[in-house]
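Asks: The following block contains a protein sequence and its predicted model.
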Amino acid sequence: MAGTNFSHEPKSVKKVSTDYRQITTKIPVPESIPLLERIYETESRSMHGQIPIIWDKALGFQVYDKWGNKWLDFSSTIFVANAGHSNKRIVESLKKVLDKPLLQTYNYSSPERHEYLDYLIKNTPSYFEKAFLLSAGSEATEAVLKLMRLNGLIYNRRKKGVICFEGNWHGRTMGAQMMGGNPSQKEWIGYLDPNIYHIPFPHKHVIKNQDPKTFLKDSLEKLFKKQNINPKTDICGVMMETFQGWGACFYPKEYVQEISKFCKSNNILLSFDEMQAGFGRTGELFGFMHYDVEPDLIACGKGSSSSLPLSIVLGKEEVMDLPDIGSMSSTHSANPMVCAAGKANLEALIEDGLIDNSRELGIEFHLELNKLEAAFPNYISEINGKGLLAAVIFRDKNFKPLSKLCDMISEKCFQKGLLVVHTGRESIKLAPPLLINEEAMHEGLNVFEEAIKESIKELYG
Ligand SMILES: Cc1ncc(COP(=O)(O)O)c(C=O)c1O
């Protein structure tokens, strides 16, 4: 989400009343404005710029305010509530821990921690032998960076180069931003890590008719020549966002498979940032599974608990155990409440068939979205995604980004009782909780279409 200043002026809008949506007041709600503006006085502005709604409760795939309005949620907050808002299994297990009570244990053990780690390792691919639990996604991507470098040091002191991608994103802390592929976001750092390299992301419009493997080979050769480095002696890791976030842009499968081969033959660790892609979002437990490769490390967050702050690094024992005892830990890691939420979340995804629902309903979701793409050829240039994840890219016939149109569509959806992921760019992402039903999914898509039509009319006549 980038900071768009959504209007705080309450507007009279059409009343809505369906099973899934309810809009009964002016939008934004007049009573909410002084409260929002009070936050603006007491909290740093970097947190602001979001659609002006004050959440009172959230249940399943719906979000409620306290003034009688109800939104159909196509955002899962921001790819978090994969198992649904306030999922029953999660709420029940949290209540049990609260009632004991046991709120914090630092690095001391707890039954919740044992049970979660057992369940997690048992229910993720067998090549993930150990987990490291953290709180924020950025902490997990930073930990992956550290593990890739520690592994490189086993071979030689020079082997510390990390290959990342232009346009990818890994969080807001220093290492995460160094790996990120957006130069303007790194200006505050004042220097660039000389051993973090970026190669072009293989976007469809960039590689055009080229063979993806040749495109990769050329990108790597150019990099090695420019930097005068050798992958065997100078590169320890490749960090890939499973799909490029803002546009849900996936890499061609053969491209990723070629990277995997390149890593194996040069003793390089292959890592995926699964923050948005993980925990069922794309119709598989992890998004990298679509590429049929076996990564060495993955960093997860967001949907790993569908609720409390939980991020995870998963990998092989020999890599995960590289840091010495006590040398890679965090105060709130493996908190009992968070572990209870993480276990209940994974149980819900697997045992209640939510990953299957993402895969199966996802097919219909994309068929419907393809119709939308065909209906607005002058405004929608592509729609990407898998499972219950989509990014609709708004560009005109000359490929000019239409980010103002996206702002307006997001705002209109809000007025009509639908929450979408506003990226601040030329894309809108749609990502309902994975327990959504067919009827609600269709209703949300119809509202989205209505908002597109009205916005085009208002902006372009
Ligand atoms: C791909 C990706 N990596 C890392 C992060 C950082 O996660 P967090 O905000 O929990 O630190 C995000 C968050 O948006 C993300 O989308």
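Replies: Noted; the coordinates are in hand. Residues are numbered from 1 along each chain as shown.

Asks: Only alpha carbons, please: show the worst-scoring helix or strand of the chain on mean pLDDT as CSV.
Replies: Every helix and strand of the chain was ranked by mean pLDDT, DSSP states H and E. The lowest is helix 204-207, at a mean of 92. Provided in CSV are the C-alpha atoms of helix 204-207 (Å, rounded to 0.1, in the frame of the first residue of the first chain):
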residue,chain,number,x,y,z
LYS,A,204,6.2,-10.7,-20.1
HIS,A,205,6.6,-7.3,-21.8
VAL,A,206,10.4,-7.3,-21.1
ILE,A,207,11.3,-10.8,-22.3
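
Asks: Okay, buried residues for it please.
Replies: residue 207 (16 or more other C-beta atoms under 10 Å). Every C-beta, even on glycine, is put in place using the N, C-alpha and C of the backbone.

Asks: what's that helix in contact with?
Replies: 200, 215, 249, 252, 382, 399 (C-beta atoms under 8 Å, 6 or more residues apart in numbering).

Asks: ok, now with 6 Å
Replies: residue 215 (C-beta atoms under 6 Å, 6 or more residues apart in numbering).

Asks: Stretch 210-227 now?
Replies: With C-beta under 6 Å, 6+ apart, stretch 210-227 has contacts from 197, 199-200, 202, 207, 252, 254-255, 258.

Asks: pLDDT on it, on average?
Replies: Over the span of stretch 210-227, the pLDDT mean works out to 98.

Asks: outside of stretch 258-273, which residues touch it?
Replies: Contacts for stretch 258-273 (C-beta under 6 Å, 6+ apart): 141, 144, 148, 151, 155, 170, 213, 216, 231-232, 235, 237-242, 288, 293, 295-299.

Asks: For that stretch, measure first residue to last.
Replies: 18 Å (C-alpha to C-alpha, to the nearest Å).

Asks: Could you list the buried residues of it?
Replies: 258-260, 262-263, 266-273.

Asks: Export the contacts of stretch 210-227 to CSV and append columns for distance to residue 435.
Replies: Shown next, in CSV, are the contacts of stretch 210-227 (distance: C-beta to C-beta, whole Å):
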residue, distance to residue 435
197, 41
199, 38
200, 38
202, 33
207, 37
252, 31
254, 34
255, 33
258, 37
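
Asks: May I ask which two of these are separated the most?
Replies: 197 and 254 (21.9 Å; C-beta to C-beta).

Asks: Counting neighbours, go ahead and name the busier of the two.
Replies: Shown here are residue 197 and residue 254; by other C-beta atoms under 10 Å, residue 197 has more neighbours (20 against 13).

Asks: For the ligand, give me its nearest residue in the stretch 51-200 of the chain.
Replies: Nearest residue of the stretch 51-200 of the chain to the ligand: residue 137, at 2.3 Å (C-beta to the nearest ligand atom).

Asks: ok, so what distance separates residue 360 from the ligand?
Replies: Taking C-beta to the nearest ligand atom, to the nearest Å as the measure, residue 360 falls 25 Å from the ligand.

Asks: Next up, identify which helix or strand that residue is on.
Replies: helix 354-375 (DSSP states H and E).

Asks: Then residue 171?
Replies: Residue-wise, residue 171 maps onto no helix or strand under DSSP H and E.

Asks: again with residue 34
Replies: Secondary structure assignment for residue 34, by DSSP H and E: helix 32-42.

Asks: Now do the buried residues in that helix.
Replies: By 16+ other C-beta under 10 Å, the buried positions in helix 32-42 come out as 32, 36.

Asks: For it, which helices and strands make contact with it?
Replies: Judged by 3 or more C-beta pairs under 6 Å, 6 or more residues apart in numbering; DSSP states H and E, helix 32-42 is in contact with no other helix or strand.

Asks: need the next SSE after it, C-terminal direction.
Replies: strand 57-59.

Asks: Residue 319: how many residues sit nearby?
Replies: 21.

Asks: residues contacting it?
Replies: 147, 151.

Asks: Quickly list what the nearest residue to residue 288 once chain neighbours are set aside is bridged to.
Replies: Nearest in space to residue 288, with sequence neighbours left out and distances taken as C-beta to C-beta, 6 or more residues apart in numbering, is residue 272 at 4.5 Å. Per DSSP bridges, the residues bridged to residue 272 are residue 240, residue 298.

Asks: Thanks a lot, catch you later.
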